[in-house]
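[1] Mind folding the following:
(2 chains)
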Amino acid sequence: AQKVTQAQTEISVVEKEDVTLDCVYETRDTTYYLFWYKQPPSGELVFLIRRNSFDEQNEISGRYSWNFQKSTSSFNFTITASQVVDSAVYFCALRGGGTSYGKLTFGQGTILTVHP
Amino acid sequence: GAGVSQTPSNKVTEKGKYVELRCDPISGHTALYWYRQSLGQGPEFLIYFQGTGAADDSGLPNDRFFAVRPEGSVSTLKIQRTERGDSAVYLCATSPGPNTEAFFGQGTRLTVV
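    Here you go, the predicted structure:
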């Protein structure tokens, strides 16, 4: 079975603060893919990043960065210098290999509110 | 349009009625997924199509739920004898292949009264 846990239900920060969203996953697959999606109030899930299980290099894209650590089964997401437009629900998701490669398992989501 | 299109955007139906939810994928995307998102929860997998066939339907909650994709493009999620617990946002996503990122539609909000 696969599982994704986002322990932080809600986070509230003031603009320009850095914020890290935690994600811990469980899977028995040796090949798997990890994702982060953003869900703004409009409801559409917006893809942010995909990493495969063989690539543990951290990634930076503008104000966004991701820290993937297989040793702790974590795939954390940091927003640097947060902005009001970052306010949304963020989901971490896992797609396994083998027979489970066709579906994403999502975490419960973290509601991020950035105050001016 | 360029994105995944879902219709209707909102659907209110009476308990016991039959509903159909439609998903128009991004052109050329062979993989199509249906998810259900209840309030305050992450999306939950329902079914995955690769082409015309359902490669994985393990997430369908019971036999009242059924989905088709007869020509490998548009998909329809069908719910019979709707119950109030079926109320949720139903999301469709498509991808060029199974191991690439999935692009989501804006969902159909189903309310069973």
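[2] Is it correct that residue B:79 is in contact with residue B:64?
    Yes - between residue B:79 and residue B:64 there is a contact under C-beta atoms under 8 Å: 6.0 Å. For every residue, glycine as well, the C-beta is placed using N, CA and C.
[3] These two - which one has more neighbours?
    residue B:79 (22 against 14; other C-beta atoms under 10 Å in any protein chain shown).
[4] Run through the bridge partners of that one.
    For residue B:79, the beta-bridge partners under DSSP bridges are residue B:19, residue B:65.
[5] Return the residues in contact with residue A:110.
    With contacts defined as C-beta atoms under 8 Å, 6 or more residues apart in numbering or on different chains, the neighbours of residue A:110 are A:6, A:8-11, A:21-22, A:89-91.
[6] In chain B, what helix or strand scores lowest on average pLDDT?
    Every helix and strand in chain B was compared by mean pLDDT, DSSP states H and E; the lowest is strand B:53-56, with a mean of 89.
[7] Tell me the strands beside that strand, with direction?
    Next to strand B:53-56 in the sheet, as set by DSSP bridges, lie strand B:44-50 (antiparallel).
[8] In the strand it pairs with, which residues are buried?
    B:44-50 (16 or more other C-beta atoms under 10 Å in any protein chain shown).
[9] do the same with stretch A:20-35
    For stretch A:20-35, burial by neighbour count (16+ other C-beta under 10 Å) applies to A:21-25, A:27, A:29, A:32-35.
[10] Straight-line length of stretch A:90-110, end to end?
    Distance between the two ends of stretch A:90-110: 5 Å, counting by C-alpha to C-alpha, to the nearest Å.
[11] so how far is that stretch from its chain's centroid?
    When distances are taken as C-alpha atoms, centre = their mean, to the nearest Å, stretch A:90-110 is centred 10 Å away from the chain's centroid.
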